[in-house]
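Colleague: structure for the following, please:
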Amino acid sequence: MSGTSSPGLVPDALELAALLCSRVCHDLISPVGAIVNGLEVLDDNPKPEDREFALDLIRKSAKTASARLQFCRLAFGAAGSAGAQIDTGDAEKVARGLIEDEKTKISWNLPRILLGKNRVKLLLNMLLLAAQAIPRGGQLTVDPVGEGDKLGFRVSVTGLNAKIPQSIPPLLAATPSDHAIDAHAIQPFYTGMLAKNCGLSVSMASEGEAIVVAAK
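Modeller: Okay, the predicted model is just below:
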């Protein structure tokens, strides 16, 4: 992935856009590449069993690519004009589409309401961070913190060998650091920026057996 800011410097607007684009492209390369591979197998007039394998690969990869695009549209995209609001029901739908599978489940305890787009983007980015803490799967629980204009979120996760990625907590501060902000680091850094925009403080910490990403 391309794009790296100078050590100790916050990315400017152009650099931020480039880094987020790199992140999205990285997420899409794998499923799109698998679709291409499947089509190449079909072009070779395969045996029936190989043809079915290729079609299954294409179906699954297309579903994955679609889920990632829909999630990224809300989590990173403009999602409407300035001041636009987003239905939390739409956020739940794209989150389940991206994260839930046979190993990972989401318990969604937020009411279905309209929220400012940056607050919803913050929530979706918090979910991404929480999912990184349970690479082998587990349970994510989403709860509201406060209400009204001060509404925040709490995403707690439990799972086998749950662990906080060491680089994430300092990046959530969204301030200059001793480390370069590259396309790997931009998502937690961006989460911190969204929290500040919403007048919230976001953190990631262990609480007993759970790992909690909280914005309040």
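
Colleague: wait, is residue 153 part of a strand?
Modeller: Yes. Judged by DSSP: H, G, I helix; E, B strand; the rest coil, residue 153 forms part of a strand.

Colleague: roughly how far apart are it and residue 126?
Modeller: Look at residue 153 and residue 126: by C-beta to C-beta, to the nearest Å, they are 6 Å apart. Yep, even glycine has a C-beta here, placed from its N, CA and C like the rest.

Colleague: also residue 85?
Modeller: From residue 85 to residue 126 the distance is 18 Å (C-beta to C-beta).

Colleague: which one's more surrounded, the two?
Modeller: For residue 85 versus residue 126, neighbours defined as other C-beta atoms under 10 Å are more numerous around residue 126 (26 against 14).

Colleague: what sits up against the helix or strand hosting that one?
Modeller: Using DSSP states H and E, residue 126 sits within helix 117-132. Contact with helix 117-132 is made by 71, 74-76, 79-80, 84-86, 88, 91, 94-95, 99, 104, 110, 140, 142, 151, 153, 155-157, 165, 168, 187-188, 190-191, 194-195, 197-198, 200, 202, 204, 211, 213, 215, as judged by C-beta atoms under 8 Å, 6 or more residues apart in numbering.

Colleague: now the residues you listed: which count as buried?
Modeller: 71, 74-76, 79, 86, 88, 91, 94-95, 99, 104, 110, 140, 142, 151, 153, 155-157, 168, 187-188, 190-191, 194-195, 198, 200, 202, 204, 211, 213, 215 (16 or more other C-beta atoms under 10 Å).

Colleague: which of those residues fall in strands?
Modeller: The strands, defined by DSSP state E, take in 86, 104, 140, 142, 153, 155-157, 202, 204, 211, 213, 215 from those.
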